[in-house]
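Novice: 3D model of this:
(one chain, ligands or ions: 2)
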Amino acid sequence: MRRHLGLRLLSVDHHHALVQAARMQSNPTRETAAAFLQFWKNETCRHFREEETILLPIFARDGGNVATEAIGQMLTDHIRIRAAVLAIEDELREGRIDPEFFQRTGAILEAHVRLEERIVFPYIQENLSESGLNEIGAHLETDHETAGGASCVTSRPGSGESVENPERSEKRADGA
Ligand SMILES: [Fe+2]
Ligand SMILES: [Fe+2]
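Specialist: Ligands and ions are numbered 1, 2, ... in the order given. As a prediction, the model looks like this:
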C-alpha cells in the first residue's frame with residue numbers, strides 16, 4: 001500500500017531509524033551508542049511524541065479503534081525504548097556500554113518500525129478519512145519545522161550535559 005502523504009514524514013523518519021537500528025545491532029560500541037543518543041534527541045524523541053500526541057489521538061477522535069493488539073504493542077515499545085535510552089545514557093555517563101543490551105534495543109527499535117509500517121500505518125490509512133489523514137500531515141509539517149531536540153534531553157536532573165558525544169566534541173574543538 002502506498003503511504004498516504006499525511007503519514008509520509010513519519011515514514012521518512014522510519015527509514016532513518018532502521019539505519020540506526022542496523023548499526024546498533026552490527027556495531028554495539030560506545031561511539032554507536034553516543035550517535036544513537038544524538039539521533040534520539042534530534043529525531044526519534046520528536047517522532048514518538050508525534051505518534052502519541054498527533055497520529056493516534058486524531059485517529060481515535062474520528063472513531064478509529066485504538067484498542068488493538070498492534071497499537072498496544074506500539075505504545076509498549078515506546079516506553080521500553082524510552083527506558084532503554086535512559087539506561088544507555090547512564091551507561092555512557094559511566095564510560096561503558098553493555099553490548100548485548102544495546103543490540104537488543106536495536107532489535108526492538110527495528111521490530112517497532114516494522115510493526116508500524118506493516119500493520120499500524122496501513123490500518124490507520126484504511127480506517128481514517130482523507131481529511132483526518134490530511135490533518136495529521138499538516139500537524140506533522142508544523143511540528144517538524146518548529147520542534148527542536150530541546151524537549152528531548154534525557155540527562156538526569158542536575159547531571160548536566162555529561163554524555164560525551166564525538167560529533168559535539170569535534171564541533172567544540174572547531175570553536176563552534
Ligand atoms: Fe513508534
Ligand atoms: Fe514510528
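Novice: any idea of the mean pLDDT for the longest helix seen in the chain?
Specialist: As assigned by DSSP state H, the longest helix anywhere in the chain is helix 69-93. Averaged over helix 69-93, pLDDT sits at 97.
Novice: next: stretch 136-151.
Specialist: Mean per-residue pLDDT for stretch 136-151: 81.
Novice: what are the buried residues along that stretch?
Specialist: Of the residues in stretch 136-151, those buried by neighbour count under the rule 16 or more other CB atoms under 10 Å are 136-137, 139-140, 143-144. In short, each C-beta sits where N, CA and C put it, glycine included.
Novice: got these as a markdown table, with secondary structure and distance to residue 34 columns?
Specialist: Shown next, in a markdown table, are those (DSSP: H, G, I helix; E, B strand; the rest coil; distance: CB to CB, whole Å):
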| residue | secondary structure | distance to residue 34 |
| --- | --- | --- |
| 136 | helix | 33 |
| 137 | helix | 33 |
| 139 | helix | 31 |
| 140 | helix | 28 |
| 143 | helix | 26 |
| 144 | helix | 24 |
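Novice: before we move on, the earlier item: show me how far the longest helix of the chain is from its chain's centre.
Specialist: Taking the mean C-alpha point of helix 69-93 and that of its whole chain, the gap between them comes to 9 Å (CA atoms, centre = their mean, to the nearest Å).
Novice: and the helix or strand just after that helix, what other elements does it pack with?
Specialist: Next in sequence after helix 69-93, counting helices and strands by DSSP states H and E, comes helix 99-115. In this structure, helix 99-115 packs against helix 5-26, helix 30-39, helix 69-93, with contacts taken as 3 or more CB pairs under 8 Å, 6 or more residues apart in numbering; DSSP states H and E.
Novice: angle of helix 99-115 against helix 30-39?
Specialist: Relative orientation of helix 99-115 and helix 30-39, computed by axes from the mean of the first three to the mean of the last three CA atoms, to 10 degrees: 40 degrees.
Novice: can I get helix 99-115 in CSV, CA atoms only?
Specialist: Written as CSV, here are the backbone C-alpha positions of helix 99-115 (Å, rounded to 0.1, in the frame of the first residue of the first chain):
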residue,chain,number,x,y,z
PRO,A,99,26.8,-4.5,24.1
GLU,A,100,24.1,-7.2,24.5
PHE,A,101,21.5,-4.7,25.9
PHE,A,102,22.4,-2.2,23.2
GLN,A,103,22.0,-4.8,20.5
ARG,A,104,18.6,-5.9,22.0
THR,A,105,17.5,-2.2,22.0
GLY,A,106,18.4,-2.0,18.3
ALA,A,107,16.4,-5.2,17.6
ILE,A,108,13.4,-3.7,19.5
LEU,A,109,13.6,-0.5,17.5
GLU,A,110,13.8,-2.4,14.2
ALA,A,111,10.8,-4.6,15.1
HIS,A,112,8.9,-1.5,16.3
VAL,A,113,9.4,0.3,12.9
ARG,A,114,8.3,-2.8,11.0
LEU,A,115,5.2,-3.2,13.2
